[in-house]
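[1] Okay, predicted coordinates and the sequence, questions at the end:
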Amino acid sequence: MYVMCLKITHAFKGDVDMFKSDTQIQQDVLAELKWEPSVRATDIGVEVKDGIVTLAGHVDSYAEKWHAETAAQRVSGVKGVAVEIDVKLPGSNQRTDADIARAVKNTLEWNVFIPNDPLKVMVEDGWVTLTGEVPWEYQRRLAASSIRYLAGVTGVSNQIILKPKPTAAAVKADIEASLKRRAVQDANAIKVEVHDHDVTLSGKVHSLAEKSLIHNAVWNSPGVWKVTDNIKA
């Protein structure tokens, strides 16, 4: 009986989110930004149209910009986030491009999960571009996330690519099994199509959080180079 109540509540919540007004979403995003300790919410403006959130303003670091975007994505009813936030580094955080490049390279070298030898680093006006090849998507994402909090960084372009891996059929089977292991609600309702190493997802979920979980599960599958996410929340 208790499990049935949980399912009904979740479904009802999804129905409520579906009819959330732009004003309600705006208020919820503002509240989430205030709740996020790593973000100074007073420096960020929020506009919402048709469920698409636009964040504007300025922050002291790239890390704060990333946390603001992530906070907005957590809010139910949000269909997408456009980030128009400028990073204005205070004097204490300013570094030369050469200093940033050295710090990035050291950070990658000290991370035991990242094969840093094939990775290259380029920095221009504080913006870091990563290139090279790694075997796994989690390594590609980890390379970018590990340098997010370095002083002087104003942005990160992750152009690292993945090395070739298994066949399309094997990739599809791995993804479907992964979704079931993670107890994704209505996992069977998510359609997975694989062409070469490109994956296309379609279907419907109850929230952006669930959509993100599925998206990450797919990227964690070996052999996935590209994900086209047509899942609707």
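    Looks like it came in fine.
[2] And the chain, what are its domain boundaries?
    2-87, 91-162, 168-232 (automatic domain parsing).
[3] Now mean neighbour count too, for the ones you listed, in a markdown table please.
    All C-beta spots, glycine's among them, are computed from the backbone N, C-alpha and C. Compiled in a markdown table, the domains of the chain are given as follows (neighbours: other CB atoms under 10 Å):
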| stretch | mean neighbour count |
| --- | --- |
| domain 2-87 | 16 |
| domain 91-162 | 16 |
| domain 168-232 | 16 |
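[4] a markdown table please, covering the ones you listed and showing mean pLDDT.
    Below are the domains of the chain laid out as a markdown table (pLDDT from 0 to 100):
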| stretch | mean pLDDT |
| --- | --- |
| domain 2-87 | 85 |
| domain 91-162 | 93 |
| domain 168-232 | 78 |
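[5] can you pull the contacts of V171?
    By CB atoms under 8 Å, 6 or more residues apart in numbering, V171 lies in contact with K165, V194, H197, V199, S221, P222, G223, V224.
[6] Of the residues you listed, which is the nearest to D22?
    V199 (31.6 Å; CB to CB).
[7] Not counting sequence-adjacent ones, nearest residue to that closest one?
    V227 (5.0 Å; CB to CB, 6 or more residues apart in numbering).
[8] Which helix or strand contains that neighbour?
    Using DSSP states H and E, V227 sits in strand 226-232.
[9] Now do the helices in the protein.
    Taking DSSP state H as the criterion, the chain contains helices spanning 2-18, 22-35, 62-74, 97-110, 137-146, 168-181, 208-219.
[10] Any chance of CSV for the ones you listed, columns distance to A41?
    Below are those laid out as CSV (distance: least, CB to CB, whole Å):
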stretch, distance to A41
helix 2-18, 22
helix 22-35, 4
helix 62-74, 8
helix 97-110, 27
helix 137-146, 23
helix 168-181, 35
helix 208-219, 20
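[11] and D43, which of those is closest to it?
    The nearest among the helices of the chain, by CB to CB, is helix 62-74 at 8.8 Å.
[12] Just want the angle from the closest one to helix 22-35.
    140 degrees (axes from the mean of the first three to the mean of the last three CA atoms, to 10 degrees).
[13] okay, helix 62-74 in CSV with CA atoms only?
    Provided in CSV are the C-alpha atoms of helix 62-74 (Å, rounded to 0.1, in the frame of the first residue of the first chain):
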residue,chain,number,x,y,z
TYR,A,62,33.7,30.0,-13.7
ALA,A,63,32.9,27.5,-10.9
GLU,A,64,30.2,29.8,-9.6
LYS,A,65,28.7,30.2,-13.1
TRP,A,66,28.6,26.4,-13.4
HIS,A,67,26.9,26.0,-10.1
ALA,A,68,24.3,28.6,-11.0
GLU,A,69,23.4,26.7,-14.2
THR,A,70,23.3,23.4,-12.3
ALA,A,71,21.0,24.9,-9.7
ALA,A,72,18.6,26.1,-12.3
GLN,A,73,18.5,22.7,-14.0
ARG,A,74,17.5,21.1,-10.7
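[14] other SSEs contacting that helix?
    helix 22-35, strand 52-59, strand 80-87, helix 208-219 (3 or more CB pairs under 8 Å, 6 or more residues apart in numbering; DSSP states H and E).
[15] Please work out which residues outside that helix touch it.
    Residues contacting helix 62-74 (CB under 8 Å, 6+ apart): 29, 32-33, 35-36, 38-40, 44, 46, 53, 55, 59, 78, 81, 83, 85, 87, 148-149, 153-156, 208-209, 212.
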